[in-house]
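*Asks:* Have a look at this prediction, sequence included:
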Amino acid sequence: MSDRTPAHHGRHAVVIGGSMGGLLAARALADHYDRVTVLERDRLPDGPDPRKGTPQARHIHVLLTAGRRVLERMFPGLIQDLVAAGAEDYDAIADMEWLSPAGLAVRFPSDIRLLGATRDLIEWGVRKRMESDTRIQVRTGVDATGLRLDAAGRVAGLNVENRSGSEKAAEVLDADLVVDAGGRGSRTPHWLDALGYPRPRETVVNGFLGYASRLVRPPADRKADWKTFYIQCAPPLRRRGGVIATVEGGNWIVTLAGGGKDYPPTDEDEFRAFARSLPDPRFAQAYEAAEPLTPIVGTKSTENRVRHYEELARRPEGLLVTGDAACAFNPVYGQGMSAAAVGADVLDAALRAHRPSRPDGLAARFQKRLAKANIRPWVLATGEDYRYVEVEGPKPGLLSGLTHRYLDRVIALTTRSPRVRVRFMEVIHLVRSPASLFAPGLLARAAFARV
C-alpha cells in the first residue's frame, strides 16, 4: 500500500465477489471507508477447501512476484503463515526445470520466489486475515441483482437477493461506492445498458487452449532436484505442454495444456498418453510414479477478455470494476491472482490521490489506471495465444511476427545466460515491463543468438 495518508471517502463500500480480486479490493477499501461489505454468492468453506463458484481453483495457480509483494504489504507475515500451513516457498529459477522451445533453461540461485500452494490455501489465508478486521464483513449466499442510483445519477447502493435461508429474500443495500469484482460473469455491462449508459467495448483473444489437472502424491523416494517441472508449449508446431508443481503438503498438482483446440483429456488412459506425448519423457515418468489423489478435471474457458471501461464517456459515479470483471487473462499463464493484487494496489493509490471533497472523476481515474496496469499481463498472454494459427481476435499488427521471432531469440538466450534468464523471469513475474526485453544490450545479444 502507499505511504500516503489514506483519505476518508465515505461510510460504506460494497464489493461484489469474494474471490481474490474481491477480497483484496475490500482490504484496499477498508483504509478509506468506515466499513466494507463483501457479497459472495457461494458458501465459503471454513478451511482451505474448494468451493462451487471457483472450479478453476482445481487447476494450477501461481502467485507471481508482483502479486506476492502486494499481499505481503497488505497482510504482513501472510507468506510465513501459508508456509506454516504447508505451502512451500522456493526459488523460481533454481528449483524450476523449464523446457522452453529452445531447450532447458539455465538454473541457478536467484531472488525470484515461487509459493507452492493451491489457490484454495492462498484464498483461505487471506480470508483468515480479514476475519480479524472489524471494518470488513463478508456476507455469503448473497447475489447482487442490480444497481441503485440517486437523483444525480450516482450509485446509491445495490439490489440484492439473500439466499441464506430456505427462500430467496430481496434486500436493498445502501452504499457510497460499489466495486464489481464478480469475475468473468460480471453483470455490470447489462446493468449499465438497463440504466441507459453505454456498455464497454470488449476485446477478446482466444487461442483455444484447454487444460486438465489433478492432485497427486509424489513417491517417497523421488530423486528429482526440482520443485516445478514446466514444459512450455511451442506453437504453432508443438501445441502441448504441462506443469508439475509442488503445493502444500509436498503434493503435486499436475496440469496438462494444449492450444489450438488440441485439448487435453480427462480420461485416465488418455491423460497418461497425453503426458507421454510431451517432448521430455521425465514428465510422464514423474506423473506415473505418483499416487492420484483427486479426479482429473478439465476446462476450455481460457479466452482473454478485456472490457474497456476506461473508454466510457458516461458512467454512473461510484461504480468501479476490477479483476476478471474488467480484464480476464488466459489462466494457463498463471497471472490471475497477481493481476488482482496489482488491481487492489491501483485502487488504493487512486483513492489516496483523489480528493473526497470532489468525488466525481474517481471512476474514470481508476479505470484508466487499472487499464494501464493490465497492459503487461495482457501483452504477455495474448502475445503467446497469437502464436496459434486457430486464434480468434483482432488482427495483430505487422510487428507481431517480428516480435515473436525476436522473443524466440531471447528465450534461446535463457538456456545459457543467467542474466537474460533473470530479466525474462522478472517480466513474467510482472515486476518489469515487456519493453525491458528490448533494452539495447539485450537487443544486440538477441540479434546474434542461436535459435
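*Replies:* Structure's in. What do you need?

*Asks:* Am I right that V70 falls within a helix?
*Replies:* Yes. Under DSSP: H, G, I helix; E, B strand; the rest coil, V70 sits within a helix.

*Asks:* Pull the contacting residues for the residue nearest to it when sequence neighbours are not counted.
*Replies:* The shortest distance from V70 to any residue other than its chain neighbours is 3.8 Å, reached at A341 (CB to CB, 6 or more residues apart in numbering). Every residue, glycine included, has its C-beta placed from N, CA and C. Shown in contact with A341 (CB atoms under 8 Å, 6 or more residues apart in numbering): 20, 24, 66-68, 70-71.

*Asks:* Quickly note the distance from S277 to G210.
*Replies:* Separation of S277 from G210 (CB to CB, to the nearest Å): 15 Å.

*Asks:* For those two, indicate the residue with more neighbours.
*Replies:* G210 (19 against 16; other CB atoms under 10 Å).

*Asks:* how far away is that one from Q80?
*Replies:* From G210 over to Q80 (counting by CB to CB), the distance is 36 Å.

*Asks:* what's next to stretch 257-264, contact-wise?
*Replies:* 207-212, 233, 235-236, 239-243, 256, 271, 274, 298, 300, 332, 385, 388-391.

*Asks:* filter those residues to the buried ones?
*Replies:* The neighbour count (16 or more other CB atoms under 10 Å) marks 207-212, 233, 235, 239-243, 256, 271, 274, 298, 332, 385, 388, 390-391 as buried among those.

*Asks:* picking that back up, columns distance to V178 on top of the contacts of A341, output as TSV?
*Replies:* Listed next are the contacts of A341 as TSV, based on distance: CB to CB, whole Å:
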residue	distance to V178
M20	19
L24	16
A66	26
G67	24
R68	28
V70	22
L71	24
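
*Asks:* Determine which two of those are furthest apart.
*Replies:* M20 and A66 (13.6 Å; CB to CB).

*Asks:* centroid residue for this protein?
*Replies:* G336 (0.4 Å; CA atoms, centre = their mean).

*Asks:* Ignoring the adjacent residues along the chain, who's closest to that one?
*Replies:* Using CB to CB, 6+ apart, the nearest residue to G336 is F329, at 6.3 Å.

*Asks:* roughly how far apart are the one you found and D280?
*Replies:* 26 Å.

*Asks:* What of K128?
*Replies:* K128 is 39 Å from D280, by CB to CB.

*Asks:* one step back: mind checking which of F329 and D280 has more residues around it?
*Replies:* Taking other CB under 10 Å, F329 and D280 do not tie; F329 has more neighbours (24 against 14).

*Asks:* Backbone dihedrals for that one, please?
*Replies:* Torsion angles at F329 (phi, psi; degrees, to the nearest 10) stand at phi -110, psi 160.

*Asks:* Check T37 too.
*Replies:* Backbone torsions for T37, taken as degrees, to the nearest 10, come to phi -120, psi 130.

*Asks:* likewise E40?
*Replies:* Dihedral angles for E40 - degrees, to the nearest 10 - are phi -130, psi 130.

*Asks:* where's the closest residue to it other than its chain neighbours relative to T228, distance?
*Replies:* Spatial nearest neighbour of E40, excluding adjacent residues (CB to CB, 6+ apart): G18 at 3.1 Å. For G18, the distance to T228 equals 29 Å [CB to CB].

*Asks:* Which residue of those two possesses the greater neighbour count?
*Replies:* Comparing G18 with T228 by other CB under 10 Å, the one with more neighbours is G18, at 27 against 21.
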